[in-house]
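Asks: The following block contains a protein sequence and its predicted model.
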Amino acid sequence: MSLETLGWGPAFEDAFSSLLSQSTLSLVPGRVVRQQRGLLTVQTATRTLLARTAGRLLHQAPGAESLPTIGDWVALQLPDGDGEALLHAVLPRRGVLARREAGSERDGQLIAANLDVVFLAAGLDGNFNPRRIERALALAWSSGASPVVVLTKADLHPDAASLAAEVEDLAPGVPVLALSAWTGEGVEVLRAWLPAGKTGVLLGSSGVGKSTLVNRLLGEARLATQAVRAEDDKGRHTTTHRELFVLPGGGMLIDGPGMRELGLWGEDDGVEQTFPDILELAAGCRFTDCQHQREPGCAVRDAVAAGALPGSRLASYERLRRERAYQARQGNASSERDNRRHERSRTLMGWEASRSKRRRS
């Protein structure tokens, strides 16, 4: 498989050449195509092989977000035989999708890297939740990739078009596709978003039909599927790893386990890009720093009162904005603590060096 088939291009070529010029090792480029509990599978131009991260990269990485993830382009030292390759560096990324790690306020979790499009999958059954779509949109916009909302299981809803129109209202300017992976209806429209060399990722909770959709796009049953639980319409975790698939026609699609938690992470403008209608209304507020609470002359609250803006949408915007502000404060506090520890460490090292010098003298 050629590297170009996997999305290799001039930017990655330049980054790898620069890295190679500074290294004494014999390295080759490859892309991470499978990730399961820390085990990485990397595809190079000539072979597919397991790889482990070099100790130096592990120790120098400032956090888990700097370590390799699915979709990354990496520099490898190949094994002599059939053993594991050694992964020495991650090439600069673009289109990075991440979320706040479940159970943590300060740590992020990478979902996929080097993306062109993020498909936000929501089932037109008991899984449909407009507020969750807004949250997923904020994550997708923060990644730098283009979001596309994919409404699956259209064959199970008597009026999928009306729900698609509802989603178009809460996702201004974002393409909304209603399809059925079971019947194949609308799947080719999604495929058009993944021409040769482009990479997409499926983001959605368990039970929305992501694995079924991947199988339909591949033209074969590569992934196991399960029905949702009849008693509560909740999905079962069928997929336990993340994997990059090369589709017929040349595009690539990353699938992984369903996610119930989508904690915000990444750039601040993800929330703003998700609610352009509210920002447009806010330009008409009397005060430039209006918080849309009880301030006089608030154009946003006036729009809600007039029925031009759903109150639930404003509440969602406020909730996500508060969450993002809290996350930013936590991140700043964490950085300050790290800086203080670093300064204490430097002071202690200086004191130890001074005492050692006095002893020698």
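Replies: Received, thanks.
Asks: okay, CA-based contacts and neighbour counts for the rest of this
Replies: Fine.
Asks: any weak-confidence spans in this protein?
Replies: Flagging of the chain using pLDDT under 70 yields the residue ranges 101-107, 224-239, 265-268, 331-361.
Asks: which stretches of it form strands?
Replies: 28-36, 39-43, 48-53, 73-77, 85-90, 97-100, 108-112, 117-123, 146-152, 176-178, 199-203, 242-246, 252-255 (DSSP state E).
Asks: Identify the residue nearest the geometric centre of the protein.
Replies: With distances taken as Cα atoms, centre = their mean, the chain has residue 97 as the residue nearest its mean C-alpha position (2.0 Å).
Asks: closest one to residue 280 among the strands of the chain?
Replies: strand 146-152 (20.5 Å; Cα to Cα).
Asks: contact partners of stretch 251-260?
Replies: Outside of stretch 251-260, the residues within contact range by Cα atoms under 8 Å, 6 or more residues apart in numbering are 6, 71, 112, 194-207, 210-211, 214, 237-247.
Asks: picking that back up, got the strands of the chain as CSV, with distance to residue 131 columns?
Replies: Formatted as CSV, the strands of the chain follow (distance: least, Cα to Cα, whole Å):
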stretch, distance to residue 131
strand 28-36, 30
strand 39-43, 34
strand 48-53, 38
strand 73-77, 34
strand 85-90, 35
strand 97-100, 17
strand 108-112, 21
strand 117-123, 11
strand 146-152, 13
strand 176-178, 15
strand 199-203, 15
strand 242-246, 26
strand 252-255, 23
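Asks: mind checking how far residue 11 is from residue 73?
Replies: 11 Å (Cα to Cα, to the nearest Å).
Asks: Kindly report the same for residue 80.
Replies: Distance from residue 80 to residue 73, by Cα to Cα: 21 Å.
Asks: Of these two, which one has the most company?
Replies: residue 73 (28 against 8; other Cα atoms under 10 Å).
Asks: Would you enumerate the residues in contact with that one?
Replies: Contacts of residue 73 by Cα under 8 Å, 6+ apart are 12, 29-32, 90-91, 93.
Asks: For it, which non-adjacent residue is spatially closest?
Replies: Leaving aside its chain neighbours, residue 73 sits nearest to residue 31 (4.4 Å; criterion: Cα to Cα, 6 or more residues apart in numbering).
Asks: how near is that neighbour to residue 56?
Replies: 20 Å.
Asks: try residue 212
Replies: 40 Å.
Asks: Next: residue 289.
Replies: For residue 289, the distance to residue 56 - Cα to Cα - is 47 Å.
Asks: Could you check which of residue 212 and residue 56 has the larger neighbour count?
Replies: residue 212 (22 against 11).
Asks: Wait, the more buried one touches residue 222, no?
Replies: No. Proximity of residue 212 to residue 222 does not meet the contact threshold set by Cα atoms under 8 Å, at 9.3 Å.
Asks: neighbours around residue 90, how many?
Replies: Quick note: residue 90 (other Cα under 10 Å) scores 23 neighbours.
Asks: count of neighbours near the residue nearest to it when sequence neighbours are not counted?
Replies: The spatially closest residue to residue 90, leaving aside those adjacent along the chain, is residue 74, at 4.5 Å (Cα to Cα, 6+ apart). By other Cα under 10 Å, the residues close to residue 74 number 24.
Asks: May I have the beta-bridge partners of residue 74?
Replies: Residue 74 has these beta-bridge partners by DSSP bridges: residue 30, residue 90.
Asks: ok, now which ones touch it?
Replies: So, once contact is read as Cα under 8 Å, 6+ apart, residue 74 ends up touching 29-32, 68, 87-91.
Asks: hmm, try it at 10 Å
Replies: By Cα atoms under 10 Å, 6 or more residues apart in numbering, the residues touching residue 74 are 12, 16, 27-32, 42-44, 68, 87-92.
Asks: Quick check: the residue nearest to residue 242 when sequence neighbours are not counted vs residue 71, distance?
Replies: Among residues not flanking residue 242 along the chain, residue 256 sits closest, at 4.1 Å (Cα to Cα, 6+ apart). Residue 256 is 12 Å from residue 71, where distance means Cα to Cα.
Asks: any residues in contact with both of those two?
Replies: Joint contacts of residue 256 and residue 71 (Cα under 10 Å, 6+ apart) are 34-35, 111-112, 201, 242-244.
Asks: how's the chain carved up into domains?
Replies: The chain is divided into the following domains under automatic domain parsing: 4-90, 97-255, 275-361.
Asks: now these as TSV including distance to residue 262?
Replies: TSV is the format used below for the domains of the chain (distance: least, Cα to Cα, whole Å):
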stretch	distance to residue 262
domain 4-90	16
domain 97-255	6
domain 275-361	11
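Asks: taking those together, which one is wrapped up most tightly?
Replies: domain 97-255 (a mean of 19; mean count of other Cα atoms under 10 Å).
Asks: gap between it and the chain center?
Replies: 12 Å (Cα atoms, centre = their mean, to the nearest Å).
Asks: what's the overlap in contacts for residue 11 and residue 73?
Replies: Common neighbours of residue 11 and residue 73 (Cα under 10 Å, 6+ apart) are 91-93.
Asks: sorry, back to before: look up how far residue 211 lies from the residue nearest to residue 242.
Replies: Taken as Cα to Cα, the span from residue 256 to residue 211 is 9 Å.
Asks: who touches the closest residue to residue 248 other than its chain neighbours in this structure?
Replies: Sequence neighbours aside, residue 218 is the residue nearest to residue 248 in space, at 6.5 Å (criterion: Cα to Cα, 6+ apart). Residues near residue 218 by Cα under 10 Å, 6+ apart: 212, 245-249, 253.
Asks: Can you tell me which of the residues you listed is nearest residue 329?
Replies: Distances from residue 329 to the contacts of residue 218, taken by Cα to Cα, are shortest for residue 253, at 34.7 Å.
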